[in-house]
Each structure stands twice: as C-alpha cells, then as structure tokens.
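I'd like to go over a predicted model; first the sequence, then the structure.
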Amino acid sequence: MKVLVAVKRVVDSGIKVRVKPEGIDLQGVKMTINPFCEIAVEEAVRLKEKKLIAEIVAVTIGPKQGAESLRHALALGADKAIHVTTEARIDQTVQPLDVANILAKLVERDNYNLVLMGKQSIDDDFNQTGQMVAGLLDWPQATFASNIQITDGIAQVVREIDGGLQTVKFKLPGVITCDLRLNQPRFASVPNIMKAKSKPLETIPLEKLGKLHNSIQITKTEAPSIRKGGAIVENVDVLLQKLRNEAKLF
Amino acid sequence: MQIIRNRLMVNQIPRFGFKYLNDSTFLNEDHLQIQKAALDFAKEKMQPYSAEWDKKHHFPKDVLRELAAMGFSTIYVKQESGGVGLDRLTASVIFEALSYGDVTTTAYLTIQNMCAYMVDQFGNEEQKQTWIPRFGTFDAFASYCLTEPNSGSDSKNMKTFAKKDGNDYVINGSKCFISGGSVSDVYLLMCKTSEKDVSCIIVEKGTPGLSFGKLEDKMGWNASPTAMVLFDNVRVPQSNLLGKEGYGFKMAMSALDGGRINIASCSLGGASYAFDLTKDYLHDRKQFGQPLAQFQGLQFKFADMATNLVTSRLIVRQAAQMIDNNHPDKTLYSAMAKRYATDSCFNVANEALQLHGGYGYLREYQIERIVRDLRVHQILEGTNEIMKVIISRNLLK
C-alpha cells in the first residue's frame, strides 16, 4: 500500500506575526512544517512500522525553501518526496481547490491507496483541501481523525466532532485528515536526518500539474482588535442598557 | 492558532532569529535541520525540568539516553566506528541548542562525546567495539580524569602513577573535580606511566581499589555529579591502555581544541536563553509609567548583551570550522573562542540578572541558575588565564 502525505510549510506557531497591508509579513520569519501535517507524517510512519503500508511519499507545494518540510518528513520516516515548485505565496495565492486538483493529479499518476493530510493549515485555517481531494477523486473521506485503524484494506477512523467522537469505516482508497490528538510526532534524530539526504526527491514545476486560478481574492488582512476591558455594572438596568447600546446585542 | 506543543512563549515580539540561534551565516541546510531537531528537543524535554534538576541535584540519565537516541552522544565519532560522523561545527550547533534547554546536562554530554572521540581516534579495534556502541546509547557513562588536587593548570605535574606489574598496570593516585565521578561506568584516566610519560588508561567502575569521594556541593552544574576519583593499587590489564604509552599529552591536545569549542557552545546556549527571557521582561516590566525597554541606559545594556552574544557565536563557529579544516591556527582560535565566549556569555547572563531587578535574584525566574551554571565555564577545560597563555604564546613565538 502506498500513501501520499501532503505537507505545508507555514509560519511557526510560536511567533507573533506582523500584519502588513498586503498580507502577513514573511520577511525573515521562522517557518516550519504545519503541525497537523507533521502529525499526518508521523501517523504514516507508524502505519509503516506496523507493516500496514509499504511506502510513504511526502509532497509539498511551494518555493525552494519548501523542501525543508519535505526533508523533515523524510527524516521522520517518509521514503520519497515530491516538490511541486512555485514562487507564488502559498499562504495566499495557492488555494485549496488548486492544491486539491494537483494532489488528485499525483494520485492518478502514482496510484496511491491512501492520502493523509493535516486537517487544516495554521496560516489560512481553510480546512477544505482534504475534503476537496476526496471529492475530486470520488473517494471516501474521514476528517479530524484522532484514531486510525487499517485492517484488510478497510480504514476505521475515529473522528473528533463537536458532539463528541464519531467512528466511520470505509474501504480504501480514501482520504483521511488528521487532528491534534492523533499522535505526538517523534523528534528527528541526527542519523535519520543524515539518511534523509539520500532519499529520492522529485521536483515538478506547478504548471505541469495544474494552474493557480486565484479564485479567492484576499481583500483585507488585519490583526485582531486589542481586547478592551470589561466593566462591573451596578444593576440589571445598566446591564441591559450596555447590552443594547454598546454591545448592540438587540 | 494556539501553541500546539508545550513550548515556552519566549520572545513574543517578531523580528527574526536570535531565539533560533542561527543569526550567523555559517550554517547550511543540514546544520539548520539538525539545529532545529536539537532545539525542539531542548525546549520540550530539557527546559521544563532544568530548574528541578538543579534544585534536586538530579542527574537525568533517562534524558541523556534519549539524547543518545537522537545521535547526540557520538557526534564526531566516525561512522565506521558506529558514531554519527559529523563535524565540529555541527557539534557546536547541537550543544548550543541543547544548552538553551539545560546547560549542565549538555556539558556532561560534551564529556561523553569527548571520551567517545578519544576511543575512536586512539583506541584499537577491540576497544572501539567494546566502548563506542555503549557510549553511543549511554549504556555506559564516561568520565575524563585529568585534574588532581595539586595539578590543575599545571597538568603535566600530575602524580597519579600506573606502574607495570606483569601484564597489568597498578595505579595509585587521585583525581578531583571529575564530572560523572562515582556515577560513570568508565573512566578515561590520564596518568603517568614513567617520570615524563603521560598515558591514557581505561578504568571501569567496580575495579577493586577504585573509590570515590563524596559528591561535591557546587555553585552550579548541580544536575551533574562531581567527585574525587581515588586509585588505591587499582589493577587493570595493560590492554586497557588507550593508544600508546606516552601518547597521553598528544591525545589530550587533540581533544582539547574541540573540548574548548564544546564548552564555549554550552555558554552560548545558556546565555541565549537568559537573553531571550530578558527581552520579554524589558517589554513587560513597567516603572515610572513606561516599559523598561524605553530607558536608554537599559537599552544600551541590552545592545551590548546582543553584540557580545553574536560575536561570541561567530568566533566559536569560526574556530569550530578551523578545527574541521585542520587549519594551522585552530588551537589559537579555539583558545580565543573559549576565553571570549565563556567570559562574554557569563556577562550576558549576569547583566540579564541585573536587568530583571529583584526578580533576577529569585530561582523561579531561572536567570540566576544560568549565571551559576555558566560561571564554571570560565574555569574548566583550561582556565581563561591559561587560554591567554596559549593565545599570547601562539602569537609571540
């Protein structure tokens, strides 16, 4: 069984971003693999260690530096990597439907049995790409996975949903997107980082696989407003007055 | 998005790399990837426990074993011998990143690396096969014994003696300030085998006659056990000799340059952490209606701290590269790097303490522990005064 794991290079979750009129300022900012994508890679490696899958291929879309995330995936245990190169901003111009189309093309090209992804990326938080890949391929999907079992070509996935936990079962091939509590990724050890350097990395220009339609325009980017302090009110009348006139609730 | 991993929210204000320790241009992709692995490990598995280890004088053998699993205990031992086979610059980057989490355990890790390196460079096949795999997993903890109560800087004047007796050596003497003393499984002992010759002999814990003093109660480095190692007619087979008789000093010289870079790198990591904590504090703490970051006097102090930190980092990495390239001036630069970085980084930590005001004096704020830990770096691995002897001798000869 072959699995495709899509990884995205995003702004590191530990830093506070600077907002500029044209978007987030990426100049000199620390970038790292999207945490949910890393969880997806870790899950793929664990499935391989359980001998449920034979080969893990990691793919990323982005500029030259995007290869960092691929090398990280290789160091964690992926066997091969594909770098779809583009100079477009992957936090703005490269959008879910285009990504999904490209991933679907790769699936058709290489015949994967499973696509594992993070549930969303922490820069745009779209939470769409995995679902769209499944739709384009007409495959079953399970999103927000917190537990994955694979037996005899059947995937059983526990999903974290608002109401609690939901378990779904489907016959592979399919798409699974990974949530926070699925696993805790391992640290890449130095010997594995060294081994990763000799693993195959294929480079494909984006134009060979698809197009960027830029169908969603970002009209404004702003920082969340600074939280204003509250106030202690004397009685219910004052409370009602504030709710009506200041919070504009009714 | 909220923070995912249990990372400390240090340095919340954006603007680039000090906290990522790669603000110099020396590092290539591989270095950066390995640095990230080390820094992630340090922030998650070492930093949160550093204060507790110091307070309880706890030697975290389990964490050291995890560090070994990451490949950090035999960094510059050749791959053919079972090590990771990387260079000194990578080792410096790794130790700096790990020291960001905890200085003391990283310093002990550098000793393990140095002992493994010596076995790799000078040991015979049997010795390499016996010890390097065990060092590589921390199945065996190693210590390096050079200093004696009466010979520190004047190491050639050591008195511990190994006398030939049949096929054995019989060793008498004592060593002091030994990191890992009483806990380590194996001791690389530098001793005299004749009036002039210094040799290196491997002595295992449990050998009759080998005993240890009480654990020293130190100013810092509390997570690392330090004790005297006593030799009373300790008998070991002559096959325990590492290298050849009389090679001791050659071996020590070969290990020293690297050892100096290692300890300087540990200073860098600790100082970086103190620096990052200070940056946040200067923004948070307000007096006279303003954050401390607005006061020019303090801004100037902070500017000096940053400059010292960056220049220390540069010279340490330069010296590491020179060792890797076997540059003729590597000893000169290693001595300069060790002297400069350990002094500057101690001052950075000390200034960080001052900038924290009263809070800097409280253990809870971590700064004072870093000051205590870094203080000894100006003394061991060759005192900074001896460094000046080496520097001037190299330049004036």
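Perfect, thanks for sending it.

And for residue A:229, the neighbour number?
4 (other CB atoms under 10 Å in any protein chain shown). Heads up, the C-betas are built off the backbone N, CA and C, glycines and all.

how would you label it: helix, strand or coil?
Three-state call for residue A:229 (DSSP: H, G, I helix; E, B strand; the rest coil): coil.

what about it, distance to chain B?
Distance from residue A:229 to chain B, counting by CB to the nearest CB, to the nearest Å: 17 Å.

OK, contacts around that residue?
If a contact means CB atoms under 8 Å, 6 or more residues apart in numbering or on different chains, then residue A:229 has no contacts.

Same check on residue A:44?
A:3, A:5, A:53, A:56, A:77-78, A:116.

Likewise for residue B:29?
A:68, A:71.

With residue A:231 instead?
residue A:242.

Just the pLDDT for it.
At residue A:231, the pLDDT value in this model is 80.

Over to residue B:18?
58.

Does residue B:61 touch residue B:139 like I think?
No: Residue B:61 is not in contact with residue B:139 according to CB atoms under 8 Å; the separation is 10.7 Å.

quick one on the thing from earlier: tell me which of the contacts of residue A:44 fall in strands.
Among the contacts of residue A:44, the members falling in strands (DSSP state E) are A:3, A:5, A:56, A:116.

hey, where'd the strands end up in chain B?
B:142-145, B:161-165, B:168-179, B:186-192, B:198-204, B:210-212, B:226-237, B:241-242, B:286-287, B:290-291.

scratch that, chain A
A:2-6, A:9-11, A:19-20, A:23-24, A:31-33, A:55-62, A:80-85, A:114-118, A:141-151, A:154-161, A:164-171, A:174-178, A:201-205.

I'd like these written out as TSV, with mean neighbour count, distance to chain B and mean pLDDT added.
Output for the strands of chain A, formatted as TSV (neighbours: other CB atoms under 10 Å in any protein chain shown; distance: least, CB to the nearest CB, whole Å; pLDDT from 0 to 100):
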stretch	mean neighbour count	distance to chain B	mean pLDDT
strand A:2-6	26	18	97
strand A:9-11	23	9	93
strand A:19-20	12	10	84
strand A:23-24	16	10	82
strand A:31-33	22	8	91
strand A:55-62	24	15	96
strand A:80-85	21	14	96
strand A:114-118	27	11	97
strand A:141-151	19	15	96
strand A:154-161	18	15	96
strand A:164-171	12	20	96
strand A:174-178	28	12	97
strand A:201-205	13	12	96
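
So what's the residue count around residue B:83?
25.

tell me the contacts of the residue nearest to it when sequence neighbours are not counted?
Using CB to CB, 6 or more residues apart in numbering or on different chains and skipping residues adjacent in sequence, the residue nearest residue B:83 is residue B:77, 2.5 Å away. By CB under 8 Å, 6+ apart, the contact set of residue B:77 is B:83-85, B:113, B:116-117, B:120, B:132, B:135-136.

Looking at these, state which has the most neighbours.
residue B:116 (29 neighbours).

ok now do it, which residues does it touch?
Applying CB under 8 Å, 6+ apart, the residues near residue B:116 are B:73-74, B:77, B:83, B:131-132, B:135-136, B:142.

Mind doing that once more with 10 Å?
Residues in contact with residue B:116 (CB atoms under 10 Å, 6 or more residues apart in numbering or on different chains) are B:73-77, B:81-83, B:123, B:128, B:131-136, B:140, B:142, B:188.

Residue B:57 too?
Contacts of residue B:57 (CB under 10 Å, 6+ apart): B:215, B:217-218, B:221-225.

Also residue B:135?
So residue B:135 contacts B:68, B:73-74, B:77, B:82-83, B:112-113, B:115-117, B:119-120, B:141-142, B:185-186 (CB under 10 Å, 6+ apart).

make it 8 Å
B:73-74, B:77, B:112, B:115-116, B:119, B:142.

repeat for residue A:105
Shown in contact with residue A:105 (CB under 8 Å, 6+ apart): A:209-210.

Could you measure from it over to residue B:242?
From residue A:105 across to residue B:242, the span is 60 Å (CB to CB, to the nearest Å).
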